[in-house]
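Asker: quick check, what structure comes out for this input:
(chains A and B)
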Amino acid sequence: MSVAQTAGYVAPRHRSRSRWPIYAFLPITVMDFVLFVLPMLIMGIASVLVIHEFHVEYRLTANNYLFFLGSPLYLSILGKSVLIAAVVTLACLVIAFPFAYYLTLLPRHVQRIMLILVILPFWTSYLLRVYAWMTILGERGLINRALLGLGILDEPVRFLLYNNYAVVLVSVYLYIPYCVLALYTAIERLDTSLFSAAMDLGARPRQVFLHIMLPLTLPGVFASFIFVFIPMVGEYVTPTLVGGARGMMIVNIVVSQFQALRFGIGSAMVFVITALALCMVLALRRMARLEKVFGV
Amino acid sequence: MFSTTRRIPLPLRLHGAAIYVFLYLPIALMIFFSFNRSPLGTFPITGYTLHWYQDLAEEDFLVSAFWNSVFVAAVATPVATLIGTLCAFGLVRAQFRLKPLFSSLILLPMVVPGMLLGAALLIVMVPILGLTLSIWTAAAGHVVVTTPYAVLAVATRLYGYDRRLDAAAADLGASPWRVLRYVTLPLVMPGILAAALIVFTVSLDTFGVTFFTIGTQGTLPMYIWAQVENGVTPTVNALGTLLIVGSVGILGCAHLLLRRR
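Answerer: Numbering: from 1, shown residues only, chains lettered A, B, ... in the order given. Okay, here's the model as predicted:
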């Protein structure tokens, strides 16, 4: 056997190995179909049926959609939810970009540790990470305590909690690890000699950022959109705990419909939001190079 | 800003430091307050106590919620890990035209808000199928949500797998089954164990799907939810501290298993 053949050694193909994939995908396909795709489709169908509490009447109706889309209040909350999700995503990107770049400048072994430290909070209880902010923003929380202690305030302020700003702040806290990870992966792959080359040719830092760094890291930006924006549109815990009545988002309305056993209207709402989210994933999928997440 | 030398500009360093403070301050405060004697769960600081931890053990609802959580995770973990492992093998080893589309579709349950998936499952399970919600229906929901994590963990390990080892075994006369049993699986096993640990941790923490599919029995997140809707309490601080220590411990093990030599 020649050296070249040895170097480019290709594993012999077994019959069984070429069959591997089909069997391998069967369980996940069946599971996702039965417990994910089918429920979504059935819910889509249920949304055009008449449902009285637990009793389904197999009669077509558009009332569920008319009720949702005909209500200015619900529509404005849907619009606000999309807006909050967009603001949170942008804030995450703006804050995470310089940070991800900073991480890539550190020595290799330090990078690993710093990255683990970024992801670690993400693995601790989601509910408790939202809750923990109540100990900071609340009436007896850290901020009020500090301002009272410094003599800046005479009595605690209440406006820190229970509004849209608190929702945005806490959501940025919740979702920024995703963003750092996606941007870090994109920036880390960059060839830094491109920056030096551009600088040597007289480019200003701003131009290097806009014309070289940003375009090359766009997949990370799109991936952040998928991992931040979409879960954010369906956020429920944050608006409930720190948003209060003023910081309400669309899933709060969905939950109240389900609690009132208005399953028809509830499904119409969920179907609209899910359809919005799915369209966005499919639109951004190629640009985000999502398959890279699995390293394949 | 775009220097190639190792000197990192000061603003970037400060920004980095601020991010770590931002990420850890809320958690640190919660841990801190769990040892504070004040029954308010926040300021003022009135002294050190382990009282809130003792209180936890006496909460019957909490104890049953804990065991429900463990039960759901114990049902979901083997199923999700098995499905995820098979899928990871397929994704890493097969080549087909629709692979990019397929792998992004597999990710979907990770990004679609859990509340929406939970609501869809509820519609199918209750008015349509007439099922009674229980920890079993919740476990089914948990399998869907946690499987992508299992795929990710196993794929990470498989990606660094040297396939010449399989080839060598096959050249020495091992049947495909023996190659899998005695070469591939033992080497990939750390990845599969890590996947199981990650799935377990994610399942313990799953809120959205559980919210709609559990019925009257509660898991830990459901218990915490009922508590925190009333604001800050010192027992939740103590419970949170224990959960953080627990999940970080489990994931530390997963991390060690996934580390490449």
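Asker: show me what from the stretch 151-261 of chain B comes close to chain A.
Answerer: B:151-152, B:155-156, B:159, B:163-164, B:166-167, B:170-171, B:176-177, B:201, B:205, B:207-208, B:211-212, B:221, B:224-225, B:228-229, B:231-232, B:236-237, B:240, B:243-244, B:247-248, B:251, B:255 (C-beta under 8 Å from any C-beta of the partner chain). Yep, even glycine has a C-beta here, placed from its N, CA and C like the rest.
Asker: filter the residues you listed to the buried ones?
Answerer: B:151-152, B:155-156, B:166-167, B:170, B:176, B:201, B:205, B:207-208, B:211-212, B:221, B:224-225, B:228, B:231-232, B:236-237, B:240, B:243-244, B:247, B:251, B:255 (16 or more other C-beta atoms under 10 Å in any protein chain shown).
Asker: need the pLDDT of the closest residue to residue A:123 other than its chain neighbours.
Answerer: Spatial nearest neighbour of residue A:123, excluding adjacent residues (C-beta to C-beta, 6 or more residues apart in numbering or on different chains): residue B:251 at 5.2 Å. At residue B:251, the pLDDT value in this model is 84.
Asker: tell me who's in contact with the most centrally placed residue in chain B.
Answerer: Chain B has residue B:202 as the residue nearest its centroid, 2.1 Å off, counting by C-alpha atoms, centre = their mean. Contacts for residue B:202 were tallied using C-beta atoms under 8 Å, 6 or more residues apart in numbering or on different chains; they are B:145, B:146, B:149.
Asker: ditto for residue B:29
Answerer: Residue B:29 touches A:132, A:135, A:136, A:142, counting by C-beta under 8 Å, 6+ apart.
Asker: tell me which element the third one is part of?
Answerer: If you go by DSSP states H and E, residue A:136 is part of helix A:134-137.
Asker: and that helix, how far out from the chain middle?
Answerer: 23 Å (C-alpha atoms, centre = their mean, to the nearest Å).
Asker: need the next SSE after it, C-terminal direction.
Answerer: By DSSP H and E, the next helix or strand past helix A:134-137 is helix A:142-149.
Asker: and that following helix, is it in reach of chain B?
Answerer: Yes. Contact between helix A:142-149 and chain B, assessed by C-beta under 8 Å from any C-beta, occurs at A:142, A:145.
Asker: that helix packs against which elements?
Answerer: helix A:134-137 (3 or more C-beta pairs under 8 Å, 6 or more residues apart in numbering or on different chains; DSSP states H and E).
Asker: biggest strand in chain A, by residue count?
Answerer: In chain A, with assignment by DSSP state E, the single longest strand is strand A:55-60.
Asker: so, low pLDDT: which residues of the stretch 151-296 of chain A?
Answerer: The stretch 151-296 of chain A contains residues with pLDDT under 70 at A:290-296.
Asker: helices along that one, start to end?
Answerer: Using DSSP state H, counting those that start in this stretch, the helices of the stretch 151-296 of chain A run over residues A:164-188, A:193-200, A:205-208, A:214-216, A:218-224, A:230-233, A:237-238, A:250-259, A:263-288.
Asker: got the buried residues for the longest one?
Answerer: Of the residues in helix A:263-288, A:263-274, A:277, A:280-281, A:284-285, A:288 count as buried by neighbour count, 16+ other C-beta under 10 Å.
Asker: need the longest helix for chain A.
Answerer: Secondary structure assigned by DSSP state H gives helix A:72-105 as the longest helix of chain A.
Asker: residues near the residue of chain A found nearest chain B, how many?
Answerer: For chain A, the residue closest to chain B is residue A:234, as judged by C-beta to the nearest C-beta, at 2.3 Å. Counted with other C-beta atoms under 10 Å in any protein chain shown, the neighbours of residue A:234 add up to 26.
Asker: ok, it - contacts?
Answerer: Contacts of residue A:234 (C-beta under 8 Å, 6+ apart): A:250, A:251, A:273, A:277, B:112, B:113, B:114, B:115, B:116, B:208.
Asker: isn't the third one right next to residue B:116, touching?
Answerer: Yes. Taking contacts as C-beta atoms under 8 Å, residue A:273 lies within contact range of residue B:116: 6.2 Å.
Asker: in helices, which of the residues of the stretch 151-261 of chain B next to chain A fall?
Answerer: Those of these lying in helices (DSSP H): B:151-152, B:155-156, B:159, B:164, B:166-167, B:170-171, B:176-177, B:201, B:205, B:208, B:211-212, B:221, B:224-225, B:228, B:236-237, B:240, B:243-244, B:247-248, B:251, B:255.
Asker: how many other residues sit next to residue B:186?
Answerer: 10.
Asker: my error: substitute residue B:105 in the last question.
Answerer: With other C-beta under 10 Å as criterion, residue B:105 counts 19.
Asker: against residue A:135, how distant is it?
Answerer: 40 Å (C-beta to C-beta, to the nearest Å).
Asker: what do you get for residue A:205?
Answerer: 40 Å.
Asker: what about these two, which has more around it?
Answerer: residue A:135 (22 against 14).
Asker: contacting residues for the closest residue to residue A:288 other than its chain neighbours?
Answerer: Nearest residue to residue A:288 in three dimensions, chain neighbours excluded: residue A:222, at 3.6 Å (C-beta to C-beta, 6+ apart). For residue A:222, the contacting residues are A:284, A:287, A:288, by C-beta under 8 Å, 6+ apart.
Asker: ok, residue A:62 next?
Answerer: Counted by C-beta under 8 Å, 6+ apart, residue A:62 has contacts residue A:48.
Asker: for stretch B:168-186, which positions count as buried?
Answerer: Buried residues in stretch B:168-186 (16+ other C-beta under 10 Å): B:169, B:170, B:174, B:176, B:179, B:180, B:183, B:184.
Asker: now do it, average pLDDT.
Answerer: Mean predicted confidence for stretch B:168-186 is 87.
Asker: for stretch B:89-106, same thing?
Answerer: 83.
Asker: ok, now stretch B:126-133?
Answerer: 82.
Asker: with stretch B:233-247 instead?
Answerer: So the average pLDDT for stretch B:233-247 ends up being 87.
Asker: ok, residues contacting stretch B:57-71?
Answerer: B:56, B:135, B:139, B:203-204, B:217-223, B:235, B:239.
Asker: what's the closest residue to chain A within the stretch 51-200 of chain B in contact with, if anything?
Answerer: Of all residues in the stretch 51-200 of chain B, the one sitting closest to chain A is residue B:113 (2.3 Å; C-beta to the nearest C-beta). The contact partners of residue B:113, taken as C-beta under 8 Å, 6+ apart, are A:230, A:231, A:233, A:234, A:235, A:236, A:251, A:273, A:277, B:208.
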